[in-house]
Each structure stands twice: as C-alpha cells, then as structure tokens.
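Asker: turn this into a structure:
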Amino acid sequence: MEKHRPRKRFGQNFLRDGNIARKILDALDPDPADAVVEIGPGEGALTRLLLERLDRLDAIELDRDLIPALEGLAGGDRLRVQAADALAFDFRALAAERGRRLRVVGNLPYNISTPLLFHLLDQRDALSDMHFMLQREVVDRLAAQPGTKTYGRLSVMAQLDCAVTSLFRVPPGAFYPVPQVESAVVRLRLRPEDAPRPRDRTRFAEVVTRAFQARRKTLRNALRGLCDPSCLEAADIDPHLRAESLAVDDFIRLADRVTEGAGRPAES
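Answerer: You can find the predicted model right below:
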C-alpha cells in the first residue's frame, strides 16, 4: 500500500510492526467463518493477515483516502470496507446481516477509545468478543482489580459485561508516527447472558459514577442523597469503605438496593 500521510485529526498512528500484527492475529485466533469486524484498518497491516484466515472480513474506516488501497487487498466480496465513523456505527445491524455475533478487532485511536468502548457495550448483544490495541493506561484501567489505584469507573463498567484480559504491551516504535505513550492489547470477552446484571443499568451507572467521583470519600459520604447508611448495610456493604474496595457484584447489589428505593431519603 502506498504510504499515507497520517492525519492528526483522525488520531492516526499506523501499526507497521508485522510481528505485533501477527501476535494480535494469534490472540484473536479466528475461524474462517467468524464474523470479524476490524475498526480502523489504516494501512492494512492487520487486515492482510486477517484475510489469510477469514472467508470474509468487514472493516470500518473513517479516512476515505485509505479505502481504495484497502479494497485492493482482496478480490470479490471477501473484504468490505465501510466508510463510517465507528462511534455511530450500527453493529447490531451488521450482526443481523452476518447471522451471528461479531468479533471486533482494531488499533483504536487514543482520543476515541473510551467512548467507542461504551458505544460497543451498548450493543453488547451483537458481540462475542473484542481485541483492541489501546493506550496502555486505558488497558490497565480496564483490567484493574478492586483495591488498586487504577481500579475505577471504567473498570467496573467494562467488567460488568466482559471478562477483561490484558494480553501484551506494544512499544511506541511499532507505530508511525511514533506516539508518546506505550500501547497494549486487551481482550474483552462478553459474559454469558445469565451472568449477574443490575435490575436498572442506568441506576447502576449512576451509583458507580457517584462512588468514583469522590473516590477519596467513604461510600457513606460519596453516595449521600442517593444511598444512606441503611441502604449500604442492607446491601451488606460497610458504609466506611471507599469505592475502590467494591467488586462488580458489590456494585450490582448496591445499585439494586437503590433501585428498590431503600437508599432514597423519605420526602418531607
């Protein structure tokens, strides 16, 4: 592919290390019939390898100038590159068209990685798993466990729906232009449908957000006005703990108590 001048407005850092691309492919380990979607194929370093393993590949690329060269990587209908913004893409519609859940993979621009993850999780019923190259700091937060400094809102919201595994780190020199930060590859495997879920996801998100917005405060104080000490105790949670001490199941139990109205102060 002819070298393309990276565009800062698209957050482009192209992967040019073939060994890293091969490691991502090995982590994905696709079957030929899998419905794989690559987000941000760029110059096609990973795309070429995916086409060696798949009967058909869908890709989403925002930069239209990259699409003609990408489309030249495979004949017929084996590769379909859609000129679209992944932040607005309908993954459910693509899963329905393919007749199966999607496996999503890509080197995500740092500036959209978190909102894109939430966009995908909003369509989790259309997904099987996700393998992404992200800023290492984001991967550390996604995979963080309770009681650690990196554990926070992003950790809880991702782990509610996914089993998160940090796979390997990627040095800045694997990209052009060379970024100022280290990257890492993460696997997010969607949890089964019968996994614990909150009764009200909006309330769950509110509880988690409030708890971590004041992470230095005890839950008793951080959740004041939303969940009083009796609510916390009814959820079997010590009001003197801080948000980083709670596992995902604890937050589910707490949010369900708030949903039931146990934590709201009586109106005068």
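Asker: which stretches of the stretch 51-200 of the chain form helices?
Answerer: Under the criterion DSSP state H, counting those that start in this stretch, helices of the stretch 51-200 of the chain are mapped to 67-71, 91-98, 113-121, 136-143, 153-161.
Asker: from the chain's centroid, how far away is the first one?
Answerer: Using Cα atoms, centre = their mean, to the nearest Å, the distance from the centre of helix 67-71 to the centre of the chain it belongs to is 26 Å.
Asker: pull out the buried positions in that helix.
Answerer: By 16 or more other Cβ atoms under 10 Å, the buried positions in helix 67-71 come out as 67, 70. Every residue, glycine included, has its C-beta placed from N, CA and C.
Asker: stretch 166-182 too?
Answerer: Quick answer for stretch 166-182 (16+ other Cβ under 10 Å): 166-167, 170, 174-176, 179.
Asker: end-to-end on it?
Answerer: 14 Å (Cα to Cα, to the nearest Å).
Asker: low pLDDT regions in this structure?
Answerer: In the predicted model, the chain carries pLDDT under 70 at residues 1-12, 262-268.
Asker: please parse it into its domains.
Answerer: Structural domains assigned to the chain are 8-190, 201-259, following automatic domain parsing.
Asker: which parts of the protein are strands?
Answerer: Using DSSP state E, the strands of the chain run over 14-15, 35-39, 57-61, 79-83, 102-107, 127-135, 162-170, 175-176, 183-190.
Asker: who does the third one pair up with?
Answerer: Under the criterion DSSP bridges, strand 57-61 sits next to strand 35-39 (parallel), strand 79-83 (parallel) in its sheet.
Asker: winner for burial among those strands?
Answerer: Burial of these is given as mean neighbour count (mean count of other Cβ atoms under 10 Å); strand 35-39 ranks first at a mean of 25.
Asker: measure how that one sits relative to strand 102-107, angle-wise.
Answerer: Calculated by axes from the mean of the first three to the mean of the last three Cα atoms, to 10 degrees, strand 35-39 forms an angle of 30 degrees with strand 102-107.
Asker: apart from its chain neighbours, what residue comes closest to Glu244?
Answerer: Once flanking residues are discounted, Glu244 sits nearest to Tyr151: 5.1 Å by Cβ to Cβ, 6 or more residues apart in numbering.
Asker: for the one you found, give me phi and psi.
Answerer: Dihedral pair for Tyr151: phi -70, psi 130, per degrees, to the nearest 10.
Asker: so Val178 touches Pro172, yeah?
Answerer: Yes: Val178 is within contact range of Pro172, at 4.9 Å (criterion: Cβ atoms under 8 Å).
Asker: can you put the strands of the chain in JSON lines and add distance to Gln213?
Answerer: Output for the strands of the chain, formatted as JSON lines (distance: least, Cβ to Cβ, whole Å):
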{"stretch": "strand 14-15", "distance to Gln213": "35"}
{"stretch": "strand 35-39", "distance to Gln213": "30"}
{"stretch": "strand 57-61", "distance to Gln213": "33"}
{"stretch": "strand 79-83", "distance to Gln213": "37"}
{"stretch": "strand 102-107", "distance to Gln213": "29"}
{"stretch": "strand 127-135", "distance to Gln213": "22"}
{"stretch": "strand 162-170", "distance to Gln213": "22"}
{"stretch": "strand 175-176", "distance to Gln213": "33"}
{"stretch": "strand 183-190", "distance to Gln213": "24"}
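Asker: which of those sits closest to Arg203?
Answerer: Across these, Arg203 has its closest neighbour in strand 162-170 (20.2 Å, Cβ to Cβ).
Asker: ok, that closest one: who's next to it in the sheet?
Answerer: If you go by DSSP bridges, strand 162-170 pairs up with strand 183-190 (antiparallel).
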